[in-house]
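Participant: whatever this is, show me its structure:
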Amino acid sequence: MEKQHPIGDLMTTTMQKIREIADVNTIIGQPIQADGVTIIPVSKLSVGFASGGSDFTTKNQKPEEDNAFGGGGGAGMNLSPVAFLIVKGDTVKLLPVAPPPASTVDRVVEMVPDVIDKVTGFLEKQQDKGDKESF
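Facilitator: Just a heads-up that it's a prediction; the model follows:
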């Protein structure tokens, strides 16, 4: 039987730890009961995983010895709420979580029509005021 390389053990251990953290209860949260309504949180999980290693011979290594191994692994996770399932009797509704705040540029673009309306309204009032004073 061929001996397994240490990088395989390293990757297996890292993936087991990720599985322990990211189970189904992470994505579909525990139901919350309140006044005949059940609220179930739903989240999005993003995972990044990396592993690497190197075999090298040591200065005093004997020919029958295995090469020395150095390696490491890691993972990053991001859990974001997406929505809530609202269950009341036979009715089920999906309530999405509000989108993240828009950038400053997006807010300015959204405000332009309101600002134009306010300025136009102000100018019209001033013009009407001027027309009344001329009589």
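Participant: now for the closest residue to Gly29 other than its chain neighbours, how many residues are close by?
Facilitator: Closest residue to Gly29 apart from its sequence neighbours, by CB to CB, 6 or more residues apart in numbering: Pro41 at 3.6 Å. Any C-beta I mention is one placed from the backbone N, CA and C, and that applies to glycine too. Neighbours of Pro41 under the rule other CB atoms under 10 Å: 16.
Participant: OK, contacts around Pro41?
Facilitator: Pro41 makes contacts with Ile28, Gly29, Gln30, Ile32, Pro81, Phe84, as judged by CB atoms under 8 Å, 6 or more residues apart in numbering.
Participant: among those, which are in strands?
Facilitator: Ile32, Pro81, Phe84 (DSSP state E).
Participant: pretty sure Gly48 sits in a strand.
Facilitator: Yes: according to DSSP: H, G, I helix; E, B strand; the rest coil, Gly48 belongs to a strand.
Participant: okay, now it: neighbour count?
Facilitator: Number of residues near Gly48 (other CB under 10 Å) recorded here: 9.
Participant: show me the contacts for it.
Facilitator: Per CB under 8 Å, 6+ apart, neighbours of Gly48: Ala75, Gly76, Met77.
Participant: helices of the chain, residue ranges please.
Facilitator: Here the chain has its helices, by DSSP state H, at 6-21, 24-27, 104-133.
Participant: which of those helices is buried the deepest?
Facilitator: Mean neighbour count (mean count of other CB atoms under 10 Å) peaks for helix 6-21 among those, with a mean of 13.
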